[in-house]
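Asks: Sequence plus the predicted model coming up.
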Amino acid sequence: MKLYCTATCNFCPLDKCFENNGGCEQQCHWDEKINYCTCNVGFKLNADNRTCSDIDECEDNSTEACPGLSRDHCKNTVGSYTCATCSHNNGYMMSYKRKTCCKVHKSTCGYDSTMASQIQEPHWKNMRIYGGLRAEEGRWPWMVQLISTPENLEPGICGGSLLSKKWVVTAAHCFRNKYSYPINTWTAILGTSQNFLNMRLISDGLEIRMLEEVIIHPEHNLFYHHDIALVKLESQVNYSDVIKPICLPCLETPQEGDMCWTVGYGKTDDNKDSGALREVDVPIASMKSCSKVYADSGRILQQDHMICAGHKEGEKDACNGDSGGPLMCQRKDSCQWYQAGIVSFGKGGCGLKGVYGVYTSMKAHQRWIRRHIGEEATNDICPENACQNLSDNDPKCSSMIERCTKFPDYMKTNCAATCCRLKYGTRPSQCQDEPTFQSTCRKNIKHCSSSIFSSFMKKHCKRTCGIC
């Protein structure tokens, strides 16, 4: 009560925002003397200082709504706008804040609320972490805020990502070092872009869970090697527009120069705690360049277990309080988001020139994750799993891939594996081995030309036998 209900318990002057939202149409703020109103992203405050009106980003010369595109491609909507260069009617939309199109595939994980149903239009909400922007509500529905509130001690704050209805992944150092607080002091906050410690009005969709168990990687050490931990929630959360799981990387990993995103509630560029979730774009850096940066710090970077990201010129970065949060990238062949890394550590401050942030690689620890939370819990967050037990009965399936949508009943019976991979954004090529028979193909490579087994090998082991 002292922490969350200070006004009710008379520990501070009455916050006028609690009564009728302080007369504000959208957001009310209290600075302990007076209250004042602000508007949500995409709106501007009217002359009465209480009501808000929509900003027409397509006509506002102060913002470049659709970078590199003409005004004809911009369509204003209430509180937002769209840049319609992709054929969204055919299941495509704009990649997030990039001038490329991506394919929308139905899946449980990796899709935010702007992609709900079949994507009516591609949303690019223009928003105002360190050097970053305030995140739109529902944009990152897998984001979890982990908070520890031990009595008479500084609160512990970390980020995390939802992997399933009961499991969250975060950084191991959140539960060691400075914040080695008992598990019963920790709480998981989901379904809101507001910082829970500064929250004044309860968000729709907010869910709060206590922690049942924390599993720290056994090889985690003071050098932040294997900086990963799994958090089991006391009870399952309910999926909604603002609560969804993120995908595991599966077989995908970002390459140097790829633009990815990180989010958090940590320090902003004015060194203040963020009142809301903030997002920032960070390009993937080479491990060679990154290792040179940290050579004099005594930290030895694990080439295969870490990822570096950040702008060489600085100014944008994860910061204090963002630890454990996700490094997220969109897949190469779909709009789906996957978690490439976990915010781990930096050097000498936040957003410094020539210094990259270091993230724990999710791909390197995927097997460890599955071992603890079970294959069943990750079936929906790795598209490959959904198709691994399926096979094709027709050797021409790859060339008939477009028929998956035109003749679904026939194709489901005869080309189950091909159509399944298409559905989950892993379009097969003529040169792929059938997933079900990959191990068999490797063992029997010598039989590619065998008169007895050649028909089987040519059908299921195209890559192994070098057929194309």
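Replies: Yep, it's here.
Asks: what ranges do the strands span in the stretch 201-350 of the chain?
Replies: Counting by DSSP state E, counting those that start in this stretch, one finds strands in the stretch 201-350 of the chain at the ranges 207-216, 229-233, 259-264, 278-285, 306-309, 326-330, 337-345.
Asks: helices or strands up against the third one?
Replies: Taking 3 or more C-beta pairs under 8 Å, 6 or more residues apart in numbering; DSSP states H and E as the contact definition, the neighbouring helices and strands of strand 259-264 are strand 278-285, strand 326-330, strand 337-345. All C-beta spots, glycine's among them, are computed from the backbone N, C-alpha and C.
Asks: Quick one: closest of those strands to C28.
Replies: The minimum distance between C28 and these falls on strand 278-285, with 20.4 Å, by C-beta to C-beta.
Asks: Give me the mean pLDDT for that closest one.
Replies: Per-residue pLDDT over strand 278-285 has a mean of 87.
Asks: Could you tell me the angle between that strand and strand 326-330?
Replies: 70 degrees (axes from the mean of the first three to the mean of the last three C-alpha atoms, to 10 degrees).
Asks: Kindly export strand 278-285 (C-alpha atoms) in PDB.
Replies: Backbone C-alpha positions of strand 278-285 (Å, rounded to 0.1, in the frame of the first residue of the first chain) are rendered in PDB as follows:
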ATOM      1  CA  ARG A 278      10.500   3.000 -25.200                       C
ATOM      2  CA  GLU A 279      11.900   1.500 -28.400                       C
ATOM      3  CA  VAL A 280      15.100   2.100 -30.300                       C
ATOM      4  CA  ASP A 281      16.500   0.700 -33.500                       C
ATOM      5  CA  VAL A 282      20.000  -0.800 -33.300                       C
ATOM      6  CA  PRO A 283      22.000  -2.300 -36.200                       C
ATOM      7  CA  ILE A 284      23.800  -5.600 -35.700                       C
ATOM      8  CA  ALA A 285      27.600  -5.000 -35.300                       C
END
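Asks: circling back: to I34, which of the strands of the stretch 201-350 of the chain lies closest?
Replies: Proximity of the strands of the stretch 201-350 of the chain to I34 was assessed by C-beta to C-beta; the nearest stretch is strand 278-285, lying at 25.9 Å.
Asks: Compute the inter-axis angle for the closest one and strand 337-345.
Replies: Relative orientation of strand 278-285 versus strand 337-345 (the same axes, to 10 degrees): 90 degrees.
Asks: Sheet-wise, list the partners of strand 278-285 with their directions.
Replies: strand 133-134 (antiparallel), strand 259-264 (antiparallel), strand 306-309 (antiparallel) (DSSP bridges).
Asks: Now do the helix or strand following the shortest one: which elements does it pack against?
Replies: Spelled out, it's strand 133-134. In the C-terminal direction, the helix or strand that comes right after strand 133-134 (DSSP states H and E) is strand 143-148. Contact analysis of strand 143-148 by 3+ C-beta pairs under 8 Å, 6+ apart lists strand 156-162, strand 167-170, strand 186-190 as its packing neighbours.
Asks: and the angle from strand 143-148 to strand 156-162?
Replies: Here strand 143-148 runs at an angle of 150 degrees relative to strand 156-162 (the same axes, to 10 degrees).
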